[in-house]
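Student: dropping the sequence and predicted coords here.
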Number of protein chains: 4
Amino acid sequence: MRAGNNGLFVPGPTNLPPQLRRAMDRPLEDHRSPDFPNLTLGLFEDLKRVFKLDRGRVFIFPGSGTGGWEAAITNTLSPGDTVLASVFGQFSHLWVDLCQRQGLNVQVIETPWGEGAPVEQYAEHLAADTAHKIKAVLVCHNETTTGVTSDVAAVRAAMDAANHPALLMVDGVSSIASIDFRMSEWGVDLAVSGSQKGFMLPTGLALVGASEKALEASRTATCPRCFFDFADMIKANQDGYFPYTPATTLLHGLRASIDLLFAEGLDNVFKRHNRLAEGVRRAVAAWGLTLCATAPKWYSDTVSAVCVPEGFNGNDVVSVAYARYNLSLGVGLNKVAGRLFRIGHLGWLNELMCLQALAGTEMAMRDIGIRITAGSGVGAAEEHYRQTAAPVALQAATALKV
Amino acid sequence: MRAGNNGLFVPGPTNLPPQLRRAMDRPLEDHRSPDFPNLTLGLFEDLKRVFKLDRGRVFIFPGSGTGGWEAAITNTLSPGDTVLASVFGQFSHLWVDLCQRQGLNVQVIETPWGEGAPVEQYAEHLAADTAHKIKAVLVCHNETTTGVTSDVAAVRAAMDAANHPALLMVDGVSSIASIDFRMSEWGVDLAVSGSQKGFMLPTGLALVGASEKALEASRTATCPRCFFDFADMIKANQDGYFPYTPATTLLHGLRASIDLLFAEGLDNVFKRHNRLAEGVRRAVAAWGLTLCATAPKWYSDTVSAVCVPEGFNGNDVVSVAYARYNLSLGVGLNKVAGRLFRIGHLGWLNELMCLQALAGTEMAMRDIGIRITAGSGVGAAEEHYRQTAAPVALQAATALKV
Amino acid sequence: MRAGNNGLFVPGPTNLPPQLRRAMDRPLEDHRSPDFPNLTLGLFEDLKRVFKLDRGRVFIFPGSGTGGWEAAITNTLSPGDTVLASVFGQFSHLWVDLCQRQGLNVQVIETPWGEGAPVEQYAEHLAADTAHKIKAVLVCHNETTTGVTSDVAAVRAAMDAANHPALLMVDGVSSIASIDFRMSEWGVDLAVSGSQKGFMLPTGLALVGASEKALEASRTATCPRCFFDFADMIKANQDGYFPYTPATTLLHGLRASIDLLFAEGLDNVFKRHNRLAEGVRRAVAAWGLTLCATAPKWYSDTVSAVCVPEGFNGNDVVSVAYARYNLSLGVGLNKVAGRLFRIGHLGWLNELMCLQALAGTEMAMRDIGIRITAGSGVGAAEEHYRQTAAPVALQAATALKV
Amino acid sequence: MRAGNNGLFVPGPTNLPPQLRRAMDRPLEDHRSPDFPNLTLGLFEDLKRVFKLDRGRVFIFPGSGTGGWEAAITNTLSPGDTVLASVFGQFSHLWVDLCQRQGLNVQVIETPWGEGAPVEQYAEHLAADTAHKIKAVLVCHNETTTGVTSDVAAVRAAMDAANHPALLMVDGVSSIASIDFRMSEWGVDLAVSGSQKGFMLPTGLALVGASEKALEASRTATCPRCFFDFADMIKANQDGYFPYTPATTLLHGLRASIDLLFAEGLDNVFKRHNRLAEGVRRAVAAWGLTLCATAPKWYSDTVSAVCVPEGFNGNDVVSVAYARYNLSLGVGLNKVAGRLFRIGHLGWLNELMCLQALAGTEMAMRDIGIRITAGSGVGAAEEHYRQTAAPVALQAATALKV
């Protein structure tokens, strides 16, 4: 029995807004009723606005981001097809692994962990592929392992420069609805997200945006698929239904999530993430520590991976934070295991919540002997938040009832 | 705006018990925390008790029953493998369709809709297959299209009689946790269920039981798979974790569901379903109507498919019931479309709830002109429930506070 | 462990709509925040619309109906004041008892249980009181003990005919928001209700409407009071606050409740209650039983008190219904104990729910040996509901998705 | 639309534990059912353990603390009775005001705001009252206006020293279940609490502990009462029922609350409050500010009232904290209005939550120009929490799943 709330600052799942929790807390229902499309048809339309997708479709599958990767791949490619991908963290690695297990031939660009997608190398591979053997170009938009964000538009520009017809597929699991993502403008053909990150919901939905070009490709792609099949979905979705029983409570949660995103305004959501993330970065600097992301252009607004000094293990920070202070942080994965810990800062979040994460992190770091000054990071973040807070007329503020 | 509760009597999703709803209504959490296995390890064990599986494993995938079918098939078979299956309703049909799309060669036994799995024909096919080309035998335990339950033990006996080494795969989506199912005793190798039927939860989990023989088969089977891969699950599950973010709120719901099933006692759960279903059948008889199930041995305890008289359309019963009385029934699907309507009676259910469904059905049938006597079915069911109710000492009962 | 939902058909608390349950399921909050009045000021206004009160105020106290009675009395009367009241059930009796314990002198008109407020006798007492010693006239609008509704407008007419200046106080606990109540039109000065009846919420709020005349009286009345003091409330309420911590979650529930009532339309709410109640009455007639209410003009649309035949005890019906079928009915109270049982039919209710109550009641009555025909009452109610259901174009209804 | 959670740090209502929220989120029920006492009888017993009351009763009224004050007074005293009380804050003032409005004669000991109950002056009054005109001695255990805790045992000792037979009545609204309170050991006759402080629930229940002596007094006391009458409650409570409809959902919440308190252990709950409060006090010292409480012996473990420097208005801190950072603090009331702001730290709380409050407070103070160092208070509190945290074996902690 631990008194008080858990401080949830892993890079997903995120904190669940009370409105979204409530929206899902409802009786079950007949997913074939005449009223059901009143819920679903609007979701399909509004998801396109979140993905900034003009044409095409966003599919809602039961599943997680991994399922979304699988759906994107199997619906648009055929066994033996070649794809181009870069690996600079655990999740970009896993997507490549999935491709290989689905029988694809993956050209892997190994990239230093701490950097984002290497645009120049993409460009070289694409230029070299004059036979257009590459059928798809994969980019991880936000790599949560290292806290870096890639420049998707630049990859698209490289493809255009090479006049390359491959599909552009983006892992937007930890970016979409938190970091600006422009599916149509960037010419993204397949974009994968999940319910448990920027959408602030429990895990359970894989969201897959598909451009018209991707939908066209799905008509001839021969990777075996059924549960994740686009065609079955399209047929049922057009009337507001699903080919098998959908997760109705999550769909209601998704409705509330999108309403919440639109009420704040997508651009405001992105700005809020940036402002809160910058406070965290100020704290890291005040501690005298560095991020895993090697340059500001890579900084992620949804997760910060903080390197621990030589002689310390990032896992210990995470373990002590959880065991002593009920604070959930993320450990380093794979190549960066032990070298860092991660603070997730996405979704339903404000200044107070970030400061809580920073204060708990300070205690845990000091507990294991890392020499930082208690309160230093919190104070630096406070100053950033104060200086960037919306101005409030004191007169109005003091209308507070005594 | 419709006042009052919807009467949910489709054959899944079922009514959500308040305890289960509450169990899922919680903050999100870190699925990699040291405390997480306290939840999950018990689930894996207890699911085996629900499946009556001595050895082997039950996998918990995000997904629906369809995903469970796909997991069962792709983990244990290889492209081009032959499977034997029978089709006697929409769901047995869809599983066969999935097999074919996954590249399997399906020997289909077409069976009259209204009957269950044809044991003799299974026996014939198995006896004929002396080369053991058949790698798996598929049986739909409970076909919700027609309200029939198959004799899985008899199919196993036929396999044993033929000394056939194929895997026995059972669709238990609408039977497990509602109708007696004995995975080990019946020699079932793969059993598929979902969260939204006998487990009384929202859709979102595919539950797949696998015998040791099935797990052995998964080591060499070559159907491509990743999201639904057994090996990834086994590796993570053994410590209580998952290869990707699991649907944590549903896992807490599953914990509450299993607790509820065990508190009532699995055998009592089965008896309750049988008793409630028999009341519905008495009502159908009192109306002078017939079931789609052609003989008592096929009667399903989780859903009754009621044939409408010549000249009427079962869909009209369903439509009027919903539009006028907020009662959700199931329509006839595929071959039996129009010829029947379906009353789901599974999950969180008691006498009063069944009587409500029957009363609403009576109104809807009379509304479209079917000549049944108002109150006749309800009265017949009431008498069955009264006669089979647990005796209550009136003295004790009247301890009621005035 | 009892599977399935409880059938709640006591005359309050009522069934809780999912929307209202959700509205209350929220974090706690600072009841002195600048945002709090955004919630409360609208409530005060909208409650007046529900009470049909043009001027004056509706107070929201923590408490139950009993607290509301106490608030109405103590704020507007002084020790030793004379009030006129009639007793025709347990609740009209209890209000008189409360008046006496608060030091008032009560002229009690004993009235047969089964009738409503005796207008002629009120007229006689008022005519006789030429000295205007009577300071308040008390009327129970809906007596849940016997299922009768009084004619409040007629009592007002009697007061006007006598030119009597007393305050008119009405117990509207089980009528307001379910049965038409017109505070201003009927010249009611104090009207008491609670959250757990027509407002479909948990117990916890006493709602007290006060006319301007009642507010005027409160300035000089000397009954001691503090917790229930109007003046403290008025002072704080005008800015949207309360003199002590209010039950914030119930206030959010009240917001949702009023929204629900307005969405359906108050007059439609009243019609629905009447239609559903009439179905129950048809069932009682079909059973060959009688109501406690002695004439149609007294019939209550929120509760039916059903007399059991000689030789039977109404409590046994209630006990058996609960013990065997998880159906909650109300027993007979005080003078009518044993002679009847009560079916509450108010709040969040539709046809299916009423039919469920009737089916369960049939089983319980037959269980203890009352000779009624199984299904007879249900059938009679079904026919009433069918004949009065909103017409639905079958074409539209069959748009149902197969 | 404000993203992220509100930081609720007023001195009640407190943060609502998810378990308690869930426990209240349930269907309504018949409060006269045979099963209802299974809930209530245990509550009555367990509340005595929380109040540390050996004999006597704890009453559960719908209401707030104010209602509890009224119940304590009106049940045990008669109009014109003399009571002795001290005033050292808004709430001790309001209780005196209530007594006066209920017709009692109050001997008021005016006490400096910032100190607790003045034991010596109580002793003088009691010694002087040789005629035993004083019928009750009132003490506010924890005055939330100023953040001071009184020494109730010392007041009892003073009464005993004077051999005075008066009843000892204690306002424990913001202490019971958070700060050690020993009703029987301290000879307290009436103790008042509410659901929204240490019990961590929404407002709605007044909890009133009564010793056997108090119950004896209630048999002859003549203050008018009905809603809050002990005798009606006792009669119904002994079988587990209530004289009027109780707030059933809050009763389920209370069950969960007591379970939570017992699971942690009452003494551990008190220690946790002390430790968390001490962190807040370290922060105040680090800021160079002072508490309103004038000496450590008065320090409250549930609320800290922090004085702002000359030239600043405490209300501005509160206003800015709310408007800019969604942080809810308490303002100064009455005599100390403007001179201080208050941080509530009671109920469902841990280190991270307190640090969040402190961080937000730092920002708000700096925003209005108070010269404190950003991060200084947070850092001081962190160090206190670190040094007093339960030791965790790092080996065990690092069992964390990577």
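Tutor: Right, received. Where do you want to start?

Student: can you give me the strands in chain A?
Tutor: Per DSSP state E, chain A carries strands over the ranges A:7-8, A:57-63, A:82-87, A:105-110, A:134-140, A:142-143, A:148-149, A:167-171, A:190-194, A:204-210, A:303-307, A:327-328, A:330-331, A:340-344.

Student: right, and those strands - which one's nearest residue C:346?
Tutor: Residue C:346 sits nearest to strand A:204-210 of all the strands of chain A, at 37.9 Å, using CB to CB. Glycine gets a C-beta too; all of them are placed from N, C-alpha and C.

Student: and the closest one, which strands flank it?
Tutor: strand A:57-63 (antiparallel), strand A:190-194 (antiparallel) (DSSP bridges).

Student: so what's the residue count around the residue lying closest to residue A:320 once chain neighbours are set aside?
Tutor: The shortest distance from residue A:320 to any non-neighbouring residue, by CB to CB, 6 or more residues apart in numbering or on different chains, is to residue A:364 (4.4 Å). Residue A:364 has 25 neighbours, counted by other CB atoms under 10 Å in any protein chain shown.

Student: what do you get for residue A:128?
Tutor: Residue A:128, neighbours per other CB under 10 Å, totals 12.

Student: for residue A:338, same thing?
Tutor: Count around residue A:338 with other CB under 10 Å applied: 14.

Student: list the contacts of it.
Tutor: Contacts for residue A:338 (CB atoms under 8 Å, 6 or more residues apart in numbering or on different chains) come out as A:313, A:314, A:315, A:332.

Student: cross-check the contact I'm expecting between the third one and residue A:333.
Tutor: No. Counting by CB atoms under 8 Å, no contact exists between residue A:315 and residue A:333, whose distance comes to 10.5 Å.

Student: what is the neighbour count of the closest residue to residue A:143 other than its chain neighbours?
Tutor: The shortest distance from residue A:143 to any non-neighbouring residue, by CB to CB, 6+ apart, is to residue A:89 (3.7 Å). Neighbours of residue A:89 under the rule other CB under 10 Å: 27.

Student: now residue A:204
Tutor: Residue A:204 has 31 nearby residues by other CB under 10 Å.

Student: same question for residue A:311.
Tutor: Around residue A:311 there are 7 residues (other CB under 10 Å).

Student: low-confidence bits of the stretch 301-402 of chain A, can you list those?
Tutor: A:393-402 (pLDDT under 70).

Student: what ranges does it have for its helices?
Tutor: A:314-325, A:351-367, A:376-388, A:394-397 (DSSP state H, counting those that start in this stretch).

Student: mean neighbour count, these: which tops it?
Tutor: Highest mean neighbour count among the helices of the stretch 301-402 of chain A (mean count of other CB atoms under 10 Å in any protein chain shown): helix A:351-367, with a mean of 27.

Student: how distant is that helix from the center of its chain?
Tutor: 23 Å (CA atoms, centre = their mean, to the nearest Å).

Student: now stretch A:163-182
Tutor: With CA atoms, centre = their mean, you get 10 Å for stretch A:163-182.

Student: likewise stretch A:220-229?
Tutor: Put simply, stretch A:220-229 sits 25 Å off its chain's centre (CA atoms, centre = their mean).

Student: now what about it, what contacts it?
Tutor: A:61, A:63, A:67, A:70-71, A:73-79, A:102-103, A:232, A:243-244, B:63-64, B:66-67, B:69-70, B:79, B:97-98, B:101-103, B:223-224, B:227-228.

Student: sorry, back to before: assess the claim that the residue nearest to residue A:143 and residue A:141 are in contact.
Tutor: No. Counting by CB under 8 Å, residue A:89 sits too far from residue A:141 to count as a contact (11.7 Å).
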